[in-house]
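Asker: Please find the sequence and the predicted model below.
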Amino acid sequence: MAPLQKRALYGLIFGVVWAVAIIVVFIMRGGVNAFNEDLGFRLIVDGLWIGGLVVYLILFRTIMRRPGQFDERDKLIMDRAPRVQWWAVIIALVVWMIVLTEVYHDVGQVPVVFLFLIFMSSLIVSMIAQSVGILLGYRRGAGVSHDECC
Amino acid sequence: MTNAARIKNRIRRLRFDHGEMSQQELANRAGCTRQTIIALEQGKYVPSLELAFQIARTFGVTVEDVFQYEDNK
């Protein structure tokens, strides 16, 4: 397994674990309504948020900085992954928009916690999608060393 | 049909002809990873010109001796 492929796999596992951890904390601490009133709840979520980012950056840098383990094909696969990322984030935002609009349409306002959740979920979706894009790139074999276009 | 399917190579054969050179050794000498050599041999990847020249140079042959373009006409 190529180092980048390994990193993508770790990134995928970490992203899923991170997302599940946040969902579990939300369920156990009383859901969206409790978020505004419970300082401890907010601190736990903030800790998960910052801790997750730090772990992800460490994971990314340790593997990517090893010399001689990254060549043109890895770079090509890495460069193509943002296509998957972009679509995944757009789809996630569209889902948020539709769900929130439908659920809070009668109330006329959306709780502040959703700003937090939308941003957080976009970041996690982006991270997972990047890993999926890289793994798909390796599965497909990358094709040619330049973008097929025109 | 993609370019990857049209461009064939003789890397596996050339490795065999050069004292059964390992994929890792070829990768080290050509300046790429072993996974890229595997993808090349499986016809899943077409390299850049630079890497194609590096591979040909490693075997002491021309690029055309390593890579062949299959015309469907």
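Answerer: Cool, got the structure. Residues are numbered from 1 along each chain as shown, chains lettered A, B, ... in the order given.
Asker: need the contact list for the residue nearest in space to the middle of chain A.
Answerer: Chain A has residue A:124 as the residue nearest its centroid, 2.1 Å off, counting by CA atoms, centre = their mean. Contacts here follow CB atoms under 8 Å, 6 or more residues apart in numbering or on different chains; on that basis residue A:124 touches A:15, A:18, A:19, A:22. Just so you know, the C-beta spots here come from the backbone N, C-alpha and C atoms, and that holds for glycine as well.
Asker: mind listing the strands in chain A by residue range?
Answerer: Assigned by DSSP state E, chain A shows strands spanning A:143-144.
Asker: that older thread, skipping its backbone neighbours, what lies nearest the residue nearest to the centre of chain A in space?
Answerer: residue A:19 (5.0 Å; CB to CB, 6 or more residues apart in numbering or on different chains).
Asker: So for residue 21, what pLDDT did the model give?
Answerer: The chain I'm using is chain A. The model reports residue A:21 with a pLDDT of 88.
Asker: wait, I meant chain B there
Answerer: 92.
Asker: pLDDT weak spots in the chain?
Answerer: As the question left the chain open, I've gone with chain A. Applying pLDDT under 70 to chain A picks out residues A:62-69, A:141-150.
Asker: look at chain B instead
Answerer: Under the criterion pLDDT under 70, the flagged ranges of chain B are B:1-5, B:72-73.
Asker: Any idea which residue of it lies closest to chain A?
Answerer: Among all residues of chain B, residue B:44 sits closest to chain A, at 2.5 Å; criterion: CB to the nearest CB.
Asker: quick one: that residue and residue A:137 touch, right?
Answerer: No: taking CB atoms under 8 Å as the definition, residue B:44 is not a contact partner of residue A:137, at 10.8 Å.
Asker: May I ask you to name the longest helix in chain A?
Answerer: Counting by DSSP state H, the longest helix found in chain A is helix A:72-104.
Asker: In terms of secondary structure, what does that one contact?
Answerer: Contacts defined by 3 or more CB pairs under 8 Å, 6 or more residues apart in numbering or on different chains; DSSP states H and E place helix A:72-104 against helix A:3-28, helix A:113-140, helix B:34-41.
Asker: now do 6 Å
Answerer: The contact analysis (3 or more CB pairs under 6 Å, 6 or more residues apart in numbering or on different chains; DSSP states H and E) places helix A:72-104 against helix A:113-140.
Asker: Pull the distance from the helix it packs on to the chain's centre.
Answerer: Here helix A:113-140 is found 3 Å from its chain centre; the criterion is CA atoms, centre = their mean, to the nearest Å.
Asker: Identify each buried residue in it, please.
Answerer: Under the neighbour-count criterion of 16 or more other CB atoms under 10 Å in any protein chain shown, helix A:113-140 has A:113-114, A:117-118, A:120-135, A:137-138 buried.
Asker: Now do the helices in chain B.
Answerer: Along chain B, counting by DSSP H, helices occupy B:3-6, B:11-17, B:23-30, B:34-41, B:49-59, B:63-66.
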